[in-house]
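Enquirer: predicted model and sequence below, questions to follow.
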Amino acid sequence: MSAKKLAMGALAGVLMLSLAACGSGTTGSTSGSGDTIKIGIKFDQPGLGLKQGDTYTGMDVDVAKYVADKLGYSESQIEWTQAPSGQRESLIENGQVTYIVGTYSITDKRKEKVSFAGPYFIAGQDLLVRADDTSITGVDALSGKKLCSVTGSTSAQNVKDKVPDVNLQEFGTYSECVAALAAGSIDALTTDDTILAGYAAQEQYKGKLKVVGNTFSTENYGIGLKKGDTELCTKITTAITEMISDGSWQTFVTNNLGPAGFTPGAGNPPTPAACS
Ligand code: GLU
């Protein structure tokens, strides 16, 4: 091989390497040019975001896929990433995910670190107790009770604000709280009614746990993304609006929350706010 050919080959190799590096480094891209997109969801919330082997199901998963499709990404281009409540802002800030659809309430405090498209759903905070418990009727009946919620959630913050002397244990995920509730080491789990309905309907907890049905907050679910990325926010907002108007929203709700007997409360489907 001539020196010239060798040099050409080396150049081609360098070009290919840099192209490959480019491809793997564009997780934030929304061009849909054959790249993958990293999306944060919950892995342990039946009806919302649930991982079973290689299968991902739930309303948030369906919403995430719908939005990805509108951004030009097919389902096979999605890399699902677990986004526990307390890690969502940092996952977005560090660029580990492009967006999160994970029962993620829009709050002013979170808006200091991330931006939100939405809301796409409105939920309310409630309590999950053992089926034979008649003493816990609402947030005002928690004195002396052992409560469980998740670090970094609005649920934990709300209940601490409303019941300052609450005996609250904070875990990393809600499924850990459910197991503790069923085992009797805590008396109630507090978070959104959507999430609680999913656990109460799970085969292993059927008839053993019940949702109190006395909500005490309004949770506006948004799609979290990098702060100030108005271009992405606007695209996602358009996708949410279409999802509601073309009937997909209703299908996702019926398919995923219906089996748990959950019907969305007042204000649903919401009108997404403008991106700022
Ligand atoms: N929607 C509430 C929140 O964003 C509670 C559910 C959750 O932790 O994902 O904090």
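Expert: Great, that's in hand.
Enquirer: how about the contacts made by the most centrally placed residue in the chain?
Expert: The chain has residue 102 as the residue nearest its centroid, 0.3 Å off, counting by C-alpha atoms, centre = their mean. Applying C-beta atoms under 8 Å, 6 or more residues apart in numbering to residue 102 gives the contacts 40-42, 48-49, 60, 83, 85, 88, 224. C-beta: built from backbone N, CA, C; applies to glycine.
Enquirer: rerun at 7 Å
Expert: If you count contacts by C-beta atoms under 7 Å, 6 or more residues apart in numbering, residue 102 has them with 40-42, 49, 60, 83, 88.
Enquirer: pick the one among these closest to the ligand.
Expert: When the contacts of residue 102 are ranked by distance to the ligand (C-beta to the nearest ligand atom), residue 42 comes first, at 6.5 Å.
Enquirer: near the nearest residue to that closest one once chain neighbours are set aside, how many other residues are there?
Expert: On the basis of C-beta to C-beta, 6 or more residues apart in numbering, the spatially nearest residue to residue 42 that is not a chain neighbour turns out to be residue 49, at 3.4 Å. Using other C-beta atoms under 10 Å, residue 49 has 30 neighbouring residues.
Enquirer: how long is stretch 83-103 from one end to the other?
Expert: Across its full length, stretch 83-103 reaches 10 Å end to end, with C-alpha to C-alpha, to the nearest Å as the criterion.
Enquirer: and for stretch 134-147?
Expert: 15 Å.
Enquirer: pull the distance from that stretch to the chain's centre.
Expert: Centroid displacement of stretch 134-147 relative to its chain, using C-alpha atoms, centre = their mean, to the nearest Å, is 27 Å.
Enquirer: ok, residues contacting that stretch?
Expert: Surrounding stretch 134-147, the residues in contact under the criterion C-beta under 7 Å, 6+ apart are 127, 129, 159, 162-163, 166-169, 186-188, 190, 212, 214, 216.
Enquirer: buried subset of those residues, written for ChimeraX?
Expert: Buried residues within the contacts of stretch 134-147, as defined by 16 or more other C-beta atoms under 10 Å, are selected in ChimeraX through the command that follows:
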select :127,129,159,163,166,168,186,187,188,190,212,214,216
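Enquirer: which ones among the contacts of stretch 134-147 map onto helices?
Expert: When DSSP state H defines the helices, the subset of the contacts of stretch 134-147 inside them is 159, 162.
Enquirer: from the contacts of stretch 134-147, which single one is nearest the ligand?
Expert: Nearest to the ligand among these: residue 190, at 9.3 Å, using C-beta to the nearest ligand atom.
Enquirer: quick check: bridge partners of that closest one?
Expert: Under the criterion DSSP bridges, residue 190 forms beta bridges with residue 127.
Enquirer: and residue 80, helix, strand or coil?
Expert: Local secondary structure at residue 80 is given as strand here, using DSSP: H, G, I helix; E, B strand; the rest coil.
Enquirer: so for the nearest residue to residue 150 once chain neighbours are set aside, what's the pLDDT?
Expert: With sequence-adjacent residues excluded and distances taken as C-beta to C-beta, 6+ apart, residue 150 is closest to residue 85, at 4.7 Å. As predicted, residue 85 sits at a pLDDT of 98.
Enquirer: give me the number of residues near residue 85?
Expert: Around residue 85 sit 25 other residues, with neighbours defined as other C-beta under 10 Å.
Enquirer: quick one: the residue nearest to the centre of the chain is in a strand?
Expert: No: inclusion of residue 102 in a strand is not indicated when three-state DSSP is applied; the result is coil.
Enquirer: related to what we said a few turns ago, from the contacts of stretch 134-147, which is closest to residue 66?
Expert: Taking C-beta to C-beta as the measure, residue 190 is the one of the contacts of stretch 134-147 closest to residue 66, at 29.6 Å.
Enquirer: any figure for the gap between that closest one and residue 103?
Expert: According to C-beta to C-beta, to the nearest Å, residue 190 and residue 103 sit 13 Å apart.
Enquirer: ok so, going back, now for the residue nearest to residue 42: which residues touch it?
Expert: Listed by C-beta under 7 Å, 6+ apart, the contact partners of residue 49 are 41-43, 58, 60-61, 102.
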